[in-house]
Each structure stands twice: as structure tokens, then as C-alpha cells.
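**Q** Sharing a model prediction with you, sequence too.
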2 protein chains.
Amino acid sequence: MKYYPVHSGYPPYAEVNPAIEAAFAEHGRGGVQMPPKVYVTFIENGDFRTMPAYLPALGIAGVKIVNVHPHNRAKGLPTVMALTVIIDVETGVPEAIINATELTAMRTGAAGAIAAKYLAPRQPVTLGIVGTGRQAEAQVEATAAVLAIEEIRVWSRTEKSAETFAARYSEYNARSVPIERACDCDVLTTTTPSTKPIVIADWVREGTHINAIGADAPGKQELDPAILERAEVFVDDPGQATHSGEVNIPISTGDYDPGRIAGTLGEVVVGKKGRSSPDAITVFDSTGLAIQDLAIAALVLRDGDGGYELPFP
Amino acid sequence: MKYYPVHSGYPPYAEVNPAIEAAFAEHGRGGVQMPPKVYVTFIENGDFRTMPAYLPALGIAGVKIVNVHPHNRAKGLPTVMALTVIIDVETGVPEAIINATELTAMRTGAAGAIAAKYLAPRQPVTLGIVGTGRQAEAQVEATAAVLAIEEIRVWSRTEKSAETFAARYSEYNARSVPIERACDCDVLTTTTPSTKPIVIADWVREGTHINAIGADAPGKQELDPAILERAEVFVDDPGQATHSGEVNIPISTGDYDPGRIAGTLGEVVVGKKGRSSPDAITVFDSTGLAIQDLAIAALVLRDGDGGYELPFP
């Protein structure tokens, strides 16, 4: 058994994106085993999620364990940290333990990039960015590896964060703008921890593709339900999305009928589903799949150096 | 983060039994978070199970990952291997990874011992042992730490295994016997991987307590359903037992009504439930709880030496 700290030498998006795309394709063909992620919630603060899966096409299986502790920043720790345990398919031996904190951010960025690749209305794209944390960076960098980006319109609750973020991506003409202006774009990416809609339907024009990334637990929500009413909503996984994705609150309040979900990203990747017209608003509701974690873990195992040998069994 | 290989220096049953008893008591008081274990089944052979839990009373949370690969013996590997990841309740940081293969056997043995402590009809007891693998040893050793044992009647499919097992426990007057004779006892423990009943109702006398340990996955079964019909059945967890415990097949065939489950072992430990008379046959249907894994992990962390420091985050 080996432990991989993975503090640098991350695989490039040029490799991560196709690996994630292939995992979604397997999901779209029904070729994976992936029970819904399981939540355990702490009394004081935070939760952790357990995400087992098996990808027979890659011969890989395992479990990601990931926490969300909103008060961690005050303690100098990341809010989200993750560990992936890889189980040998033939024998069940735990063959690797991987620090998956950064890999989690990357595989989520890659899912948004793949959704945009298939669902963006045109190229090159204007990107709208709402929220400027670590995940917003991952979305921009992963998307830049698959689509030509003409311009990035950035909004954050604190203008200074938006300006810092825009300066980092000046090569793509990134600028800090009011939120209405950020929503006026081809591909809108929301990555906030909001529990109330912050993107209003009037601000979103026809043809826009929205990557709704922030809502990944019950009670979280970023989009005006009126957007979902007009939109073609693709989810990563129906069970997870209805439980904890962007659609979770509108479904629980009766504002969105889960029967209207247009399909999964996997079905889009394999060509079973897609945007119905250039004018349709499309939404990718991302909750994060365990098969994404296995796909990116496979890249780390392939590169394979820098690990610690540990005695097991 | 520390890795504990735990290849020796196991905590003694004198400490493990009370720790497991306390975990069941918390379960009986409704003071734990423990989603049902999740199964992922491999195409060729074997499965792995993911078991998250949170025991607020101990301030401990984590996930056990455990495989069952029946063909492993031919490869010189244990059939069952396990790893427990402990998550810090305050911050979500993975604080320890523990080799839990031997601990899994021990915490299962301790559950049987606690069940026998509360449900055995008398003391000293005659133990009946059906199946002589690693788990049978754990059951005998854990039980010997809580009950006086007068005699052990041992049966195995291969007589030589029964004789070897009996020789190991000669201090308790252990003898290899026909299966009917093994079932004629005060506390009968079954630990086989059987998928068909091997203990017949006629062989079990009034007052017997049965620890039904072997059935821990859908399709597994050791007891004649006619025994369950006469018995007071206590489960470790109703959700897990109906899915994968001794009662899973009789429930699916309509031979056992899950409404007849008499209670949980946790309820027995806290005094809410118990055997109704000295003549009742009682059954403890054990599937294995994630809180047992946390309780025994807490003992390893308390002793705390011999681990490997690993960089995380």
C-alpha cells in the first residue's frame, strides 16, 4: 500500500479533461457502479461525505472521503480536504491512499469544462464568473484547455477579490464587473456557497450555458428557480442532484419538477442527449461524482512516483 | 495524519468488550450517526463495503472500508481486509488511517460476547461453535472475557479443522462433535459463509441464545427459518439486518416478517429490551456496525504508538 501526498506535479488539464470525459461517457453508457454519496453531519460544524465507486472500464475502484468545514479558514486549514482510498479490484487490498484535496478541485473544474465543451452555444466564448474562490480558478483553467475564451467577466461579493482574480487571468481579457454584466455571457459559472438565489433570471440571455457548481449539499442554491423553469437542466447524477444539487431546493418547494431533468452529462457526452436549440438556456447541475475521483486518481497512480510505502496487510 | 499498521499489540478483550458495549449503548440511546453500509460488487469476484459513522459521545468519526474476496486464500491473502480512516470532528482533517483487518475480527467477536452477556440463559455456559475460521476464535476469546465457559462443542465442515480448533481451547473443555450436538448448548455461535440453512430447528433447544454472525451480505443464511419463527430476534441495526443479515433471505421469501424483530442489541444493552423468558430462543443477528469500528479504533488511537507520520494536508 502506498500513500501519495500529491502536493505538486498535478496532471495537466490536457490529460485531466479527457480522463473525466471518458468517466462521464462510461456513466452515460451505464458501465459504472456508483452508489449515491453518503453524508455524515457534525453537531458543531461541518460534515463529511463518503463516495465509493467502481469503474470496470479502467479496472479501478475506491472511495473518496471529503469534508466541508466552513469555519476552517479561521484555523488556517482548507474548508474542503479529501482522501481517496484505491481498492485493488482483484483482491480487495487497499493499494493506494491519495491526498485528493487539490485533485477534487481539478476534477470538478474538468466536469464544468466538459459540460461547456458540449453545451456552450458558440466559440470563442465569453465566460461569466460568479464567485472567485479556488473552484472558480479550476473552472477557468480547465475550460481554457478545451474552449477558446474571448473574455472573462468576473463578479465576487468583495470587489477586491474580483479584481485580483481578473488580474490573474488577464490573458483572457478578464475584468471585474457588476453581477448582471457577469451573467451576460455564453458560459456562466457559479461557484459560491450560497443558500439563496444570486443569479436572477432577467440577467441571463437565451443560449447561455450555466455551470451551476456551488450547490453540493441540501439547502444550497445559486440560481433563480425561474431560470430552471426555462432551461434544459443536465445533471451529473439524478440521485445526487435531487438530494443536494442546484435543483434540491426548487424540488423540495415544488418549484421544479424533477421529471423535467433533461438528462445526465454522461448521456450528453455519448450523444444520447444535448441542447435542443442554439437559443435554449442549458444548465449543468454539478454535485461531484465518485467516478471523477477515480478517473483523476488513475492519472496519479500512472505517474506513480513520490509515494510512501506502508505495510499492509 | 498518521498510519497505524496494527500488526501486534492489539487491545485486550477486557478493554474491547466494554468499548463495544458502550458503542451499542449509544446506539440504543439514538446518540449516533450511522448511515447503512454501502456495497460495491466486483464483476469477477468479491465486493467492498464502505461504513461511515460518527459517535459524538466519543468525539470520533470516520469510515471503515472492508472487502470480501472469497478467492483470496489461493493467493495467500486474507479473504477480508479493512482500513479505517478517522476524520477529526472539529476540522474534517483525516487524522489517522488504521489497518483494521484484525480489529474487524475483534470488534465482531466483542459484539457476540456482549449479546451473550445479556441474552445467555444461564452461567456458566456451554458454547456451541459452528464454523471454525478466524471469526469463531474471536467469538470464543471475546466471550471468555465476559462469561464463564463450562464446555465448548465444536463443529466444522472438515473434522480436522474442528479438532484443531478444539485443541486450541482445551482449557474450556472444547471437543469436536457432530453438528446436532454442537447446536445442543446455551450459546450457539455460527460463523460460516453459508448461503443455505445449516442449523436445523429440531437441534436447538429452548432457552438457547444464538449469535448468527456469518450472514453479512444479501443471499447469505445459516439458520433454518423455523428457528427465527420461534425466536426473539435482536439485530445490530434494522436497516442493515433486513438488507444483509441472517433475516435477509427469510424476509425476501416471505418466511419472516421484519415487524417481528424484537429490538436492537443497543436497546438490550440500555435495558429497553431483553429476553422475555428463560425458555425463549434468542437470536442476535450481527451484520457489523461502523460504530463498532470507531469504538475499537479509539482504543488504538489512545495507545497511539508505532504509527507512521504522513504529510497531510
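**A** Everything's here; your move. Numbering: from 1, shown residues only, chains lettered A, B, ... in the order given.

**Q** you'd agree residue A:155 is up against residue A:162?
**A** Yes. Using C-beta atoms under 8 Å, residue A:155 is in contact with residue A:162, at 5.8 Å. The way it works is simple: take the backbone N, C-alpha and C, and place the C-beta from them, glycine included.

**Q** Identify the contacts common to those two.
**A** The contact sets of residue A:155 and residue A:162 overlap at A:176, A:177 (C-beta atoms under 8 Å, 6 or more residues apart in numbering or on different chains).

**Q** All the helices of the stretch 101-250 of chain A, in order from the start?
**A** With DSSP state H, counting those that start in this stretch as the criterion, the stretch 101-250 of chain A has helices at A:101-119, A:134-144, A:159-168, A:179-182, A:225-230, A:238-244, A:248-252.

**Q** Tell me which of the ones you listed sits nearest to chain B.
**A** helix A:101-119 (5.6 Å; C-beta to the nearest C-beta).

**Q** can the closest one be found next to chain B?
**A** Yes. Residues of helix A:101-119 contacting chain B under C-beta under 8 Å from any C-beta of the partner chain: residue A:101.

**Q** rewinding a little: adding mean pLDDT and mean neighbour count, write the helices of the stretch 101-250 of chain A out as a markdown table.
**A** Listed next are the helices of the stretch 101-250 of chain A as a markdown table, based on pLDDT from 0 to 100; neighbours: other C-beta atoms under 10 Å in any protein chain shown:
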| stretch | mean pLDDT | mean neighbour count |
| --- | --- | --- |
| helix A:101-119 | 98 | 25 |
| helix A:134-144 | 97 | 23 |
| helix A:159-168 | 98 | 17 |
| helix A:179-182 | 98 | 18 |
| helix A:225-230 | 96 | 19 |
| helix A:238-244 | 94 | 19 |
| helix A:248-252 | 96 | 20 |
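
**Q** Just send these back as TSV, with distance to residue B:186 too.
**A** Formatted as TSV, these follow (distance: least, C-beta to C-beta, whole Å):
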stretch	distance to residue B:186
helix A:101-119	53
helix A:134-144	60
helix A:159-168	70
helix A:179-182	73
helix A:225-230	63
helix A:238-244	47
helix A:248-252	52
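
**Q** For residue B:268, which of those helices is the nearest?
**A** helix A:238-244 (33.6 Å; C-beta to C-beta).

**Q** hmm, who's touching that closest one?
**A** A:36-37, A:39, A:215-218, A:220, A:235, A:247-248, A:251, A:258, A:261, A:264, A:285, A:287-289.

**Q** Sort out which of the residues you listed are buried, if you could.
**A** Among the contacts of helix A:238-244, those classed as buried by 16 or more other C-beta atoms under 10 Å in any protein chain shown are A:36-37, A:39, A:215-217, A:220, A:235, A:247-248, A:251, A:261, A:264, A:285, A:287-289.

**Q** if we look at chain B, which of those residues are close to it?
**A** The subset of the buried ones among the contacts of helix A:238-244 within reach of chain B, by C-beta under 8 Å from any C-beta, is residue A:39.

**Q** How much space separates the residue positioned nearest the centre of chain A from residue A:297?
**A** In chain A, the C-alpha nearest the mean C-alpha coordinate belongs to residue A:108, at 3.0 Å (C-alpha atoms, centre = their mean). To residue A:297, residue A:108 is 14 Å away according to C-beta to C-beta, to the nearest Å.

**Q** Do stretch A:50-69 and chain B come into contact?
**A** Yes. Looking at stretch A:50-69 against chain B by C-beta under 8 Å from any C-beta, the contacts come from A:50, A:52, A:53, A:54, A:56, A:61, A:63, A:65, A:67, A:68, A:69.

**Q** give the contact list for the nearest residue to residue A:72 once chain neighbours are set aside.
**A** Leaving aside its chain neighbours, residue A:72 sits nearest to residue A:79 (5.0 Å; criterion: C-beta to C-beta, 6 or more residues apart in numbering or on different chains). By C-beta under 8 Å, 6+ apart, residue A:79 lies in contact with A:68, A:69, A:70, A:72, A:73.

**Q** So what's the residue count around the first one?
**A** The number of residues packed near residue A:68 is 19, by other C-beta atoms under 10 Å in any protein chain shown.

**Q** Check it and give its pLDDT.
**A** Looking at residue A:68, its pLDDT reads 93.

**Q** Enumerate the residues of the stretch 51-200 of chain A near chain B.
**A** So far as C-beta under 8 Å from any C-beta goes, the stretch 51-200 of chain A lies against chain B at A:52-54, A:56, A:61, A:63, A:65, A:67-69, A:72, A:75, A:77-78, A:81, A:83, A:85, A:87, A:89-94, A:97, A:99, A:101.

**Q** repeat that with 6 Å
**A** A:52, A:54, A:56, A:63, A:65, A:67, A:69, A:72, A:77, A:81, A:83, A:85, A:87, A:89, A:91-92, A:94, A:99, A:101 (C-beta under 6 Å from any C-beta of the partner chain).

**Q** Filter the residues you listed down to the ones in helices?
**A** residue A:101 (DSSP state H).

**Q** Looking at the residues of the stretch 51-200 of chain A next to chain B, which are in strands?
**A** Residues of these located in strands (DSSP state E): A:52, A:54, A:63, A:65, A:67, A:81, A:83, A:85, A:87, A:94, A:99.

**Q** Tell me who's in contact with the second one.
**A** So the one you mean is residue A:54. By C-beta atoms under 6 Å, 6 or more residues apart in numbering or on different chains, the contact list for residue A:54 reads A:33, A:61, B:40.

**Q** let's see 10 Å
**A** A:31-35, A:60-62, A:87, A:89, A:290-291, A:294, B:40-43, B:47-48 (C-beta atoms under 10 Å, 6 or more residues apart in numbering or on different chains).

**Q** among those residues, which ones are buried?
**A** A:32-35, A:60-62, A:87, A:89, A:290-291, A:294, B:40, B:42, B:47-48.

**Q** out of these, what pair is the most spread apart?
**A** Largest pairwise distance in these, by C-beta to C-beta, is 17.5 Å, between A:291 and B:47.

**Q** tell me the domain ranges of chain A?
**A** A:2-104+A:291-309, A:111-288 (automatic domain parsing).

**Q** Take those domains and lay them out in CSV including distance to residue B:182.
**A** Converted to CSV, the domains of chain A look like this (distance: least, C-beta to C-beta, whole Å):
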stretch, distance to residue B:182
domain A:2-104+A:291-309, 31
domain A:111-288, 45
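
**Q** Looking at those, which is nearest to residue B:208?
**A** Nearest of these (C-beta to C-beta): domain A:2-104+A:291-309, 34.7 Å.

**Q** What's the end-to-end length of the closest one?
**A** 5 Å (C-alpha to C-alpha, to the nearest Å).

**Q** what's near enough to touch the residue nearest to residue A:228 when sequence neighbours are not counted?
**A** The shortest distance from residue A:228 to any non-neighbouring residue, by C-beta to C-beta, 6+ apart, is to residue A:256 (5.1 Å). Applying C-beta under 10 Å, 6+ apart to residue A:256 gives the contacts A:225, A:228, A:229, A:231, A:233, A:242, A:246, A:247, A:248, A:249, A:250.

**Q** since we're on the spatially closest residue to residue A:188 that is not a sequence neighbour, how many residues are nearby?
**A** Nearest residue to residue A:188 in three dimensions, chain neighbours excluded: residue A:128, at 4.0 Å (C-beta to C-beta, 6+ apart). If you count neighbours by other C-beta under 10 Å, residue A:128 ends up with 28.

**Q** which residues does residue A:128 bridge with?
**A** residue A:153, residue A:188 (DSSP bridges).

**Q** That one against residue A:186, yeah?
**A** Yes. Between residue A:128 and residue A:186 there is a contact under C-beta atoms under 10 Å: 8.1 Å.

**Q** Which neighbours do those two have in common?
**A** A:151, A:208.

**Q** just to revisit the earlier point, could you export the contacts of residue A:256 as CSV, including distance to residue B:192?
**A** Listed next are the contacts of residue A:256 as CSV, based on distance: C-beta to C-beta, whole Å:
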residue, distance to residue B:192
A:225, 55
A:228, 53
A:229, 57
A:231, 55
A:233, 50
A:242, 41
A:246, 49
A:247, 47
A:248, 44
A:249, 49
A:250, 51
